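# Pasted the sequence and its predicted model underneath.
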Amino acid sequence: MNTRLPGWALSENRKAITFRDKKGIGTLKLKGTYDLNHYNIKQIKRVRLVRRADGYYAQFAVDVDIKVETQPTLQVVGIDLGLKYFIADSKGSVEPSPQFYRKSEKQLNRANRKKSKKFSPARKKAKTRQSSNYHKARVRYARKHLRVSRQRKEYCKRVAHSVIQSNDLVAYEDLNVKNMVKNRHLAKSISDAGWSTFRQWLEYFGHKYGKVTVAVPPHNTSHNCSNCGEKVKKSLSTRTHVCPHCNYVADRDLNASINILRLGLTTVGHTGSYAWGDLPSWAVGASLLSNGESVNQEFPL
């Protein structure tokens with residue numbers, strides 16, 4: 001070992017890491033597709049181990065400039081986040097909701113029941129370790145949840161990247177997801193949609209490629225008519241916007257996305273917008289990898 005920093009040391013080929021923090025971890029082999037030889041050792045600011053259901057991962061916080069220069073597309077878009085569609089934009093395009101949790105719900109419930117059957121209340125009362133079969137079932141159940149979570153993350157990442165690459169300005173709703181999931185009738189569907197994850201990737205890619213991402217207040221974006229501006233109240237089950245004032249008819253989500261774009265264009269340069277070159281809130285104090293991943297990029301051991 002010739003590359004040393006306090007607490008840990010990388011091997012010469014940077015395929016193994018040795019922890020020297022007196023925790024007894026020792027040397028671990030690094031597996032993964034990312035090559036640490038691309039970075040100067042001084043760029044690695046922090047290393048930590050993270051446990052997941054399928055094993056341990058080494059997280060490297062690397063100090064690099066992630067910005068990439070791109071040619072303007074001369075396109076702007078407003079995005080409406082929903083449950084019927086994942087997103088509907090002001091150009092009339094929609095992205096279907098993948099519903100990863102819903103599709104895996106039966107398997108998750110089955111795995112949870114198997115785990116519960118192997119749980120021993122007597123062992124818990126006696127404060128002794130549960131059986132090996134219980135822990136195996138618990139790990140299988142956790143891995144299924146982890147798979148759903150990763151599917152959702154990759155989907156949000158792909159869609160956000162596509163939206164940013166195709167537009168110079170992206171306007172979207174500034175949704176308070178934490179309050180929205182308090183609705184017990186919609187909580188599961190909202191959580192499965194992954195709106196917060198999508199927004200994080202949208203803002204990240206916007207910062208990386210120098211595009212404007214602006215969050216606008218969602219109040220009345222679904223009710224106001226995008227053609228005449230009059231308010232047309234409608235229930236959640238009403239999927240078509242029909243304006244009695246100007247006779248404008250459009251899909252509910254399309255109408256909302258046009259309103260969102262209009263608000264976004266009037267908001268640029270004011271509070272709530274991320275102008276070219278400005279640092280969004282998620283990136284304050286964060287260290288990023290040069291390949292565009294955030295600080296918690298996982299390297300399996």
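Yep, that arrived.

# In the sheet, which residues pair with residue 241? Tell me.
Beta bridges link residue 241 to residue 250 when assigned by DSSP bridges.

# how close does it get to residue 258?
As judged by CB to CB, to the nearest Å, residue 241 and residue 258 stand 10 Å apart. The way it works is simple: take the backbone N, C-alpha and C, and place the C-beta from them, glycine included.

# Spit out the residues that contact these two alike.
226, 250 (CB atoms under 8 Å, 6 or more residues apart in numbering).

# following the helix or strand encompassing residue 9, which helix or strand comes up?
Secondary-structure element containing residue 9, defined by DSSP states H and E: strand 8-10. Using DSSP H and E, the next helix or strand after strand 8-10 towards the C-terminus is strand 16-19.

# That next one: what's the following helix or strand?
Following strand 16-19 toward the C-terminus (DSSP H and E): strand 26-29.

# so what secondary structure elements neighbour that following strand?
Judged by 3 or more CB pairs under 8 Å, 6 or more residues apart in numbering; DSSP states H and E, the packing partners of strand 26-29 are strand 16-19.

# what does the strand it packs on contact?
Identification of contacts with strand 16-19 by CB under 8 Å, 6+ apart yields 1, 7-11, 25-30, 47, 49, 58.

# Ok, stretch 93-101 next?
So stretch 93-101 is contacted by 82-88, 108, 148, 151-152, 155, 159, 188, 191-193, 253 (CB under 8 Å, 6+ apart).

# Please indicate which of the residues you listed are buried?
Neighbour counting over those (16 or more other CB atoms under 10 Å) leaves 82, 85-88, 148, 151-152, 155, 159, 192-193, 253 as the buried ones.

# Now render those as CSV, adding distance to residue 74.
Below are these laid out as CSV (distance: CB to CB, whole Å):
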residue, distance to residue 74
82, 27
85, 26
86, 25
87, 21
88, 22
148, 38
151, 34
152, 32
155, 28
159, 21
192, 35
193, 30
253, 24
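
# Spatially, which two of those are the most separated?
The span of the buried ones among the contacts of stretch 93-101, defined through CB to CB, is set by 148 and 253 at 24.9 Å.

# could you point out the longest helix in the chain?
Secondary structure assigned by DSSP state H gives helix 132-166 as the longest helix of the chain.

# got the buried residues for that helix?
Those would be 134, 137-138, 141, 144, 147-149, 151-153, 155-157, 159-161, 163-164, for helix 132-166 by 16+ other CB under 10 Å.

# what's the answer for stretch 106-123, then?
Buried positions in stretch 106-123, judged by neighbour count with 16+ other CB under 10 Å: 111-112, 114-115, 118.

# Need the mean per-residue confidence for it.
Averaged across stretch 106-123, pLDDT comes to 94.

# hey, what's residue 29 bridged with?
Going by DSSP bridges, residue 29 forms beta bridges with residue 16.

# tell me which element the residue nearest the centre of the chain is part of?
Central residue of the chain (CA atoms, centre = their mean): residue 197, 2.2 Å from the mean position. Assigned by DSSP H and E, residue 197 belongs to helix 195-209.

# tilt between the helix or strand following that helix and helix 195-209?
Per DSSP H and E, the first helix or strand lying C-terminal to helix 195-209 is strand 212-216. Counting by axes from the mean of the first three to the mean of the last three CA atoms, to 10 degrees, strand 212-216 points 150 degrees away from the direction of helix 195-209.

# Name the spans of the stretch 1-150 of the chain whose pLDDT lies under the cut-off.
Regions of the stretch 1-150 of the chain meeting the criterion pLDDT under 70 cover residues 1-6.

# got the residue ranges for the helices in it?
Counting by DSSP state H, counting those that start in this stretch, the stretch 1-150 of the chain has helices at residues 100-117, 121-125, 132-166.

# For residue 249, find the nearest of these.
Comparing the helices of the stretch 1-150 of the chain by CB to CB, helix 132-166 comes nearest, at 26.3 Å.

# can you dump the C-alpha coordinates of whichever helix or strand comes after the closest one into PDB?
Using DSSP H and E, the helix or strand that follows helix 132-166 in sequence is strand 169-173. C-alpha atoms of strand 169-173 as PDB (Å, rounded to 0.1, in the frame of the first residue of the first chain):
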ATOM      1  CA  LEU A 169     -36.000  25.200 -19.500                       C
ATOM      2  CA  VAL A 170     -38.100  22.800 -17.500                       C
ATOM      3  CA  ALA A 171     -41.000  23.900 -15.300                       C
ATOM      4  CA  TYR A 172     -42.600  21.500 -12.800                       C
ATOM      5  CA  GLU A 173     -44.800  21.600  -9.700                       C
END
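
# For strand 169-173, name the packing helices and strands.
strand 76-81, helix 195-209, strand 212-216, helix 252-267.

# so who does the closest residue to residue 119 other than its chain neighbours touch?
Spatial nearest neighbour of residue 119, chain neighbours left out: residue 134 (5.7 Å); criterion: CB to CB, 6 or more residues apart in numbering. Residues near residue 134 by CB under 8 Å, 6+ apart: 115, 118-120.
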